[in-house]
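**Q** Sequence isn't available, so here's the structure alone:
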DNA sequence: TCGCGCATTTAATGTGCATTAGAACATCTG
DNA sequence: CAGATGTTCTAATGCACATTAAATGCGCGA
């Protein structure tokens, strides 16, 4: 009967760039990310999301067909954006950057994005273990794609013989990601600067991963540029496995 | 490890050691930890807890006055036990163990308890950021007490001049705990042995925290080179906060 | 100015779930 | 075996919240 539903889709829909409608949809997503990150999957009430987004709960159904669909999008787009951000920063590095320097950059951009920019990332991180099967699939896919970025970083370190031989690559990668992700749980701008945290994380990760011989701080240069725009010289072998 | 709780809220509380009643109460707590760790705070239904504990939901009210009280106990007792476990392992160490060796032991016992023994710990970890104020207090208190154990471990490393100078002690400590805690999110016994993970974590943490010069493996009685550090019993009061 | 589709609102509807009431069952004491 | 006390059940009660229905406001092209 009622078939006046806009062919809602992902973040695309060509013509609708800065449409008011598109902006409202975005506001709802942002609100959902905010609520989801502090209340958890089951605790995320549409009325709360609506309040943050400054509209009434039923209005959400004009943009999303269900609560789960809204949450699903927050979850996967959170990591998708994180991956995009980190990848851009890596791409901005000079072609000859060492594997450890690349890891440094990944550590910094991961932390910056997670703690400075995005509620989405914390929402995804905190609820990864709680979302039901239905929603999980797309999230897992994106999480794996982001994982691939790190898998490649670590693999490069192995290939360059700078990864500590006692480390299992997979475990090491997950432990590092855990250290970074967990920062969302405790870091508070009032108890220590983000730069301070980043410095510590870089040191910890670099000397933790690298073989003793190749320890010392390498080139502290290449202070990750802020603009994700410049598509510089990309790294060769993409998509590792 | 074995530490029967002094029934706090139940009915009367005589010297109930292995009482059937006490065991039922424990079963409910265990079930709640199990559900809480995978469904999250808001998603934890009393009917699910009851099902796991093999009884009907209203029976829970005989032992706990509300859902929140049950969850609160799971949350704080989770870390309380973790702390007890780690502390015991540390206490079993010979008096002369180096600060890095002590950290090694803490890493191992933390991971073992979290991944092998206890649903409580994962429940606490995953829900730390989602529980409402009301419940939070006691949890935070216990979390801080456990944090003190690590604060002391790291401080000892500083005193012994083995902590990498570029590291902010607080940030480093939280990053390490994050790496460990996060393991609950991804580690699966079928994709890699726990021993393997522990080995990697120890290596990563040890070489990540320590100053380059002091790399090698465990070594008994290898006190700091030139430090007037209080080499006496490490058991000084750490709390003070 | 009218009219028409998009956007959002107010007012139901229904279900799921914590919590309560009070009966039934079990176990222990004499 | 009585009956007292401890334990768990079945059957309400009531609220909170996702979702639906239907009405209203809004902007814009002729």
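**A** Everything's here; your move. Source: prediction; values computed, not measured.

**Q** Which residues does stretch A:182-192 contact?
**A** For stretch A:182-192, contacts defined as C-beta atoms under 8 Å, 6 or more residues apart in numbering or on different chains pick out A:111, A:114-115, A:121-122, A:125-126, A:194, A:197, A:201, B:128-129, B:168, B:170-171, B:174-175, B:177-179, B:181-182. C-betas here are computed from N, CA, C, even on glycine.

**Q** what about stretch A:43-61, near chain B?
**A** Yes. Applying C-beta under 8 Å from any C-beta of the partner chain, one finds stretch A:43-61 touching chain B at residue A:43.

**Q** Are that stretch and DNA strand C in contact anywhere?
**A** Yes. Using C-beta under 7 Å from any atom of the strand, stretch A:43-61 reaches DNA strand C at A:55-59.

**Q** any low-confidence regions in chain A?
**A** A:1-17, A:213-241 (pLDDT under 70).

**Q** And the helices in it?
**A** Listed in chain order, the helices of chain A (DSSP state H) span A:20-39, A:46-53, A:67-91, A:99-112, A:119-127, A:133-159, A:169-186, A:194-209.

**Q** and the residue of chain A found nearest DNA strand C, how far is that from residue A:66?
**A** Closest residue of chain A to DNA strand C, C-beta to the nearest atom of the strand: residue A:21 (2.9 Å). Per C-beta to C-beta, to the nearest Å, residue A:21 is found 19 Å from residue A:66.

**Q** Please apply the same query to residue A:194.
**A** 36 Å.

**Q** In terms of neighbours, single out the busier of the two.
**A** Per other C-beta atoms under 10 Å in any protein chain shown, whichever of residue A:194 and residue A:66 has more neighbours is residue A:194, with 15 against 11.

**Q** got a list of what the most centrally placed residue in chain A touches?
**A** Centroid-nearest residue in chain A: residue A:82, 2.7 Å away (criterion: C-alpha atoms, centre = their mean). Contact analysis of residue A:82 by C-beta under 8 Å, 6+ apart lists A:110, A:113-114, A:118, A:120-121, A:146.

**Q** List the buried residues for stretch A:89-101?
**A** Neighbour-count burial for stretch A:89-101 flags A:89-90, A:92-93, A:97-101 (criterion: 16 or more other C-beta atoms under 10 Å in any protein chain shown).

**Q** Could I get these in CSV, plus columns for distance to residue B:212?
**A** Shown next, in CSV, are these (distance: C-beta to C-beta, whole Å):
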residue, distance to residue B:212
A:89, 27
A:90, 26
A:92, 29
A:93, 25
A:97, 22
A:98, 17
A:99, 19
A:100, 14
A:101, 18
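
**Q** Can you tell me which of these is nearest chain B?
**A** For the buried residues of stretch A:89-101, the minimum distance to chain B (C-beta to the nearest C-beta) is 13.0 Å, reached by residue A:100.

**Q** Roughly how far does the closest one sit from residue B:78?
**A** 37 Å.

**Q** Name the nearest residue to residue A:37, ignoring sequence neighbours.
**A** Setting aside the residues directly before and after it, residue A:37 is nearest to residue A:123 in space (C-beta to C-beta, 6 or more residues apart in numbering or on different chains), at 3.8 Å.

**Q** That neighbour touches residue A:40, doesn't it?
**A** No. Between residue A:123 and residue A:40 there is no contact under C-beta atoms under 8 Å: 9.4 Å.

**Q** Of these two, which one has the most company?
**A** Just comparing residue A:123 and residue A:40: by other C-beta under 10 Å the higher neighbour count belongs to residue A:123, 27 against 24.

**Q** what residues does chain A put near DNA strand D?
**A** Residues of chain A lying near DNA strand D by C-beta under 7 Å from any atom of the strand: A:2, A:44-47, A:57-58, A:61, A:66-68.

**Q** how about a cut-off of 10 Å?
**A** Residues of chain A found near DNA strand D (C-beta under 10 Å from any atom of the strand) are A:1-2, A:4, A:20, A:35, A:39, A:42-50, A:56-62, A:64-71.

**Q** which among those end up buried?
**A** Using 16+ other C-beta under 10 Å, the buried ones in the residues of chain A next to DNA strand D are A:35, A:39, A:42-44, A:46, A:48-50, A:60, A:62, A:64, A:67, A:70-71.

**Q** Closest one to residue B:31 out of the residues you listed, please.
**A** residue A:42 (17.4 Å; C-beta to C-beta).

**Q** Quick check: phi and psi at the closest one.
**A** Backbone torsions of residue A:42, given as degrees, to the nearest 10, read phi -70, psi -30.

**Q** again, but for residue A:130
**A** phi -120, psi -20.

**Q** That one touches residue B:41, doesn't it?
**A** No. Assessed by C-beta under 8 Å, residue A:130 is found out of contact with residue B:41, at 9.2 Å.

**Q** quick one, which of the two is more surrounded?
**A** Ranked by neighbour count (other C-beta under 10 Å), residue A:130 and residue B:41 place residue B:41 first, with 25 against 22.

**Q** OK, contacts around the more buried one?
**A** A:40, A:42-43, B:71, B:127, B:130-132.

**Q** possible to save the residues you listed as JSON lines with distance to residue B:158?
**A** Shown next, in JSON lines, are the contacts of residue B:41 (distance: C-beta to C-beta, whole Å):
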{"residue": "A:40", "distance to residue B:158": "37"}
{"residue": "A:42", "distance to residue B:158": "42"}
{"residue": "A:43", "distance to residue B:158": "40"}
{"residue": "B:71", "distance to residue B:158": "37"}
{"residue": "B:127", "distance to residue B:158": "32"}
{"residue": "B:130", "distance to residue B:158": "34"}
{"residue": "B:131", "distance to residue B:158": "33"}
{"residue": "B:132", "distance to residue B:158": "37"}
